[in-house]
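Asks: Predicted model follows, preceded by the sequence.
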Amino acid sequence: GEALALVHGDARLIVHDAQERGPARQYVERGGNKTYTCVCWSPGERLLGVGTAQGEIVVWDVIRGVRSAFGTKPPDWSASSGVDSITFCSWDKLLLVGSS
């Protein structure tokens, strides 16, 4: 693609435009103290999945510029586990997450 997504620890997701050589859009999680830990583009490059140190999963729709989904870690993960890795399956509908 022509964009680079970066997460910042203060719940900011910045998408940089490779052609413009600078930030194109910024997405900020409102309410609560979250620490973003990982990010992944969907295969169709429409969605960005983001994991947090608090064990939450956020999906941003970068075309519409809105948060399109939100979830939390499975109940069998330890209370202190955050999301360390995130990836989409090839058909854009399933998000896989991991924790150490």
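Replies: Perfect, thanks for sending it. Just so it is clear, the structure is predicted and the values come from calculations on it, not from any experiment.
Asks: Low-confidence bits of the protein, can you list those?
Replies: 1, 9, 21-23, 31-32, 77, 79-80, 91-95, 100 (pLDDT under 70).
Asks: Compute the number of surrounding residues for residue 59.
Replies: One way to gauge burial is a neighbour count; for residue 59, by other CB atoms under 10 Å, it gives 17. Backbone N, C-alpha and C define where each C-beta goes, glycine included.
Asks: got it, and residue 10?
Replies: Counted with other CB under 10 Å, residues neighbouring residue 10 total 11.
Asks: tell me the SS of it?
Replies: At residue 10 the chain is in coil, as set by DSSP: H, G, I helix; E, B strand; the rest coil.
Asks: For the closest residue to it other than its chain neighbours, which residues are in contact?
Replies: Spatial nearest neighbour of residue 10, excluding adjacent residues (CB to CB, 6 or more residues apart in numbering): residue 35 at 7.4 Å. Residue 35 is in contact with 9-11, 52-54, 82, counting by CB atoms under 8 Å, 6 or more residues apart in numbering.
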